[in-house]
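Chemist: Coordinates for the following, if possible.
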Amino acid sequence: MIICAKKMDYHLGSPCQLVKNQVMKVNSEKEHASPLCMKALASRGRLDTVSLQMASHPQYLESFLRTQHYILYMDGPLPHHYRHYIAIMAAARHHCSYLVSLHSAQFLRVGGDPLWLQGLEAAPPRLQQLDHINRVLAHQPWLTAHSHIQALLKPGGQCWSLAELVQAVVLLAHCHSLCSFIFGSASETDTAPTLRVPHGTPPGYCLCDAANGNTTLPPTERTPRRRSLDSSCELTCLRERIQKSQEEKERKGDPILHSHTLLHIDAEEEEEEMMCSTDPSRFVTDPDFGYQEFARREEDHFQVFRVQDYSWEDHGFSLVNRLYSDIGHLLDDRFRSVASLPSPHDPDLKRAIWNYIHCIYGIRYDDYDYGEVNQLLERGLKLYIKAVACYPDSTKNPLCPLPLTPLKASEKVHVNLLVMEARLQAELLYALRAITQYMIA
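Modeler: Numbering: from 1, shown residues only. Here you go, the predicted structure:
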């Protein structure tokens with residue numbers, strides 16, 4: 001448990017003071033920054049770009065950071081290096097270089113074996129056994145069955161305990177959904193969005209049609225996405241400018257600040273993460289396995305998941321909380337936080353987005369009129385939501401920018417948060433239902 005006094009005096013230029021200034025700067029309402037947020041981020045010395053995106057909704061950001069910190073660093077059945085390796089496996093399914101590099105660095109910091117980063121085949125057999133459920137949850141979660149759970153829990157030298165498996169599943173779902181948020185946020189700019197049309201693209205071609213499989217672009221015509229959310233090029237240029245400035249001060253005899261400033265910590269973190277930059281494909285098996293239209297699938301034995309039969313509130317929450325202490329409360333707080341975010345739009349729009357995402361993952365609500373989805377969500381927004389939720393892979397899917405204009409940056413983030421949390425709950429529902437079926441079999 002992290003305890004941080006609400007009123008603390010920080011030296012000017014210290015990491016804590018700089019982090020606090022960042023939090024207060026993005027918070028237009030001048031509310032006090034969360035002690036947990038302050039404490040958790042002070043060690044890094046900055047707010048990473050993902051947190052800065054979420055910081056326009058500070059209440060949700062606190063809930064998100066609390067959950068992520070608990071999963072990765074607090075008490076749990078899995079050792080810490082296992083947790084970061086599982087996060088690498090999850091992010092690699094969507095070729096999210098940002099998360100793969102980030103958790104590779106964290107994996108080494110907590111004592112992980114560098115040889116494991118050579119690829120999935122270099123990892124212990126226990127971790128390799130998670131590959132199948134990782135692949136299924138990431139792309140076609142409705143395929144998750146109690147037989148998969150049974151295979152992982154089968155007695156033997158490499159078997160998983162039920163508590164370990166539940167933490168692993170929560171971590172996989174968390175990272176898969178975070179990939180969606182990162183993918184969606186990468187397309188956002190401060191100006192009105194414009195389509196990034198590759199040279200030679202036929203007129204009238206919609207980049208989001210790739211999400212529906214209607215059309216594909218040759219590999220040479222795909223628009224490259226920036227390497228990560230943190231620009232190492234800008235950081236390098238800034239460091240060179242500061243170094244020149246310090247050299248000028250030395251010549252003039254002016255005093256030089258030698259303390260560990262935010263920039264220095266940023267540089268060390270960036271260099272370490274860049275050194276751990278790893279090709280995500282080395283942690284991926286069966287790369288052609290991906291999302292398929294649930295409504296158009298040929299297998300008729302996969303029935304629609306009806307929330308009336310198995311829901312988060314009545315079934316998933318109690319099960320996950322019993323097998324992985326307190327995580328149910330943290331996850332539930334995330335779902336409630338995103339549902340309560342202020343929005344200038346009709347509240348029915350948020351419900352339509354949430355239910356639409358669950359629908360494309362085969363989850364249905366008997367008490368909801370799905371005609372509202374087509375009424376409230378225009379085609380461009382539906383394609384965007386589907387691309388972010390189901391195809392958050394820049395190597396395969398060039399993403400359309402958010403079509404609703406004009407929208408404030410916080411409102412764009414709001415849509416991406418809804419996509420992330422709805423996808424997270426969908427994966428958890430399928431996984432926890434399979435675990436329940438295993439337990440009662």
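
Chemist: Give me the below-cutoff pLDDT ranges for the stretch 201-350 of the chain.
Modeler: Scanning the stretch 201-350 of the chain for pLDDT under 70 picks out 201-277, 295-302, 344-345.

Chemist: again, 90 this time
Modeler: Within the stretch 201-350 of the chain, the segments meeting pLDDT under 90 span 201-279, 292-304, 341-348.

Chemist: residues touching Phe107, list them.
Modeler: When contacts are counted by CB atoms under 8 Å, 6 or more residues apart in numbering, Phe107 touches His81, His84, Tyr85, Ile88, Trp116, Leu117, Cys276. The C-beta positions use only the backbone N, C-alpha and C, and glycine is treated the same way.

Chemist: Strands of the stretch 1-150 of the chain, residue ranges please.
Modeler: For the stretch 1-150 of the chain, applying DSSP state E, counting those that start in this stretch gives no strands.

Chemist: same deal with the stretch 301-441 of the chain?
Modeler: Under DSSP E, counting those that start in this stretch, the stretch 301-441 of the chain gives strands at 305-306, 363-364.

Chemist: Kindly reformat these as TSV and extend each row with mean neighbour count and distance to Leu52.
Modeler: Converted to TSV, the strands of the stretch 301-441 of the chain look like this (neighbours: other CB atoms under 10 Å; distance: least, CB to CB, whole Å):
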stretch	mean neighbour count	distance to Leu52
strand 305-306	16	35
strand 363-364	19	31
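
Chemist: Reformat these as TSV; add distance to Arg423.
Modeler: Compiled in TSV, those are given as follows (distance: least, CB to CB, whole Å):
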stretch	distance to Arg423
strand 305-306	14
strand 363-364	11
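
Chemist: Nearest to Ile435, out of those strands?
Modeler: Closest to Ile435 of the strands of the stretch 301-441 of the chain is strand 305-306 (CB to CB; 14.6 Å).

Chemist: what are the pairing partners of the closest one, and which direction each?
Modeler: strand 363-364 (parallel) (DSSP bridges).

Chemist: so His148 touches Val136, yeah?
Modeler: Yes - look at His148 against Val136 with CB atoms under 8 Å: they come within range, at 7.2 Å.

Chemist: How many residues are close by Leu108?
Modeler: Using other CB atoms under 10 Å, Leu108 has 18 neighbouring residues.

Chemist: Am I right that it is in contact with Leu102?
Modeler: No - judged on CB under 8 Å, Leu108 makes no contact with Leu102 at a distance of 11.4 Å.

Chemist: Can you tell me which of the contacts of Phe107 is closest to His69?
Modeler: Closest to His69, out of all of these and judged by CB to CB, is His84, at 13.3 Å.

Chemist: Quick one: residues contacting the closest one.
Modeler: By CB under 8 Å, 6+ apart, His84 lies in contact with Leu72, His103, Ser104, Gln106, Phe107, Val110, Gly112.

Chemist: Leu72 now?
Modeler: Residues counted as contacts of Leu72 (CB under 8 Å, 6+ apart) are His80, Arg83, His84, Ala87, Gln106, Leu171.

Chemist: Need the per-residue pLDDT for it.
Modeler: In this model, Leu72 is scored at 97, pLDDT.

Chemist: ok, now how distant is it from Gly157?
Modeler: The spacing between Leu72 and Gly157, counted by CB to CB, to the nearest Å, is 27 Å.

Chemist: Equivalent analysis for Ala173, please.
Modeler: Look at Ala173 and Gly157: by CB to CB, they are 27 Å apart.

Chemist: Give me the contacts around stretch 110-117.
Modeler: 80-81, 84-85, 88, 104, 107-108, 122-124, 127, 276, 278.

Chemist: What is the nearest of those residues to Val415?
Modeler: Among the contacts of stretch 110-117, Ile88 lies closest to Val415 (CB to CB), at 27.4 Å.

Chemist: Pretty sure that closest one sits against Leu102.
Modeler: No - using CB under 8 Å, Ile88 is not in contact with Leu102; the gap is 9.1 Å.

Chemist: what's the burial count for the closest residue in space to Arg334 that isn't next to it in sequence?
Modeler: Leaving aside its sequence neighbours, Arg334 sits nearest to Ser63 (CB to CB, 6 or more residues apart in numbering; 5.0 Å). Applying other CB under 10 Å, we find 23 residues neighbouring Ser63.

Chemist: okay, now Gly157: neighbour count?
Modeler: Other residues near Gly157 come to 6 when the count uses other CB under 10 Å.

Chemist: now Ala422, nearest residue through space, not along the chain?
Modeler: Excluding its sequence neighbours, the residue lying closest to Ala422 (CB to CB, 6+ apart) is Ile357, at 3.9 Å.

Chemist: State the distance from the nearest residue to Leu99 once chain neighbours are set aside to Tyr98.
Modeler: Leaving aside its chain neighbours, Leu99 sits nearest to Ala91 (3.6 Å; criterion: CB to CB, 6+ apart). Counting by CB to CB, the gap between Ala91 and Tyr98 amounts to 8 Å.

Chemist: higher neighbour count, these two?
Modeler: Taking neighbours as other CB under 10 Å, Ala91 and Tyr98 compare with Ala91 leading, 27 against 24.

Chemist: Just to check, that one is in contact with Ser177?
Modeler: No - applying CB under 8 Å as the test, Ala91 and Ser177 come out as separate, 11.1 Å apart.
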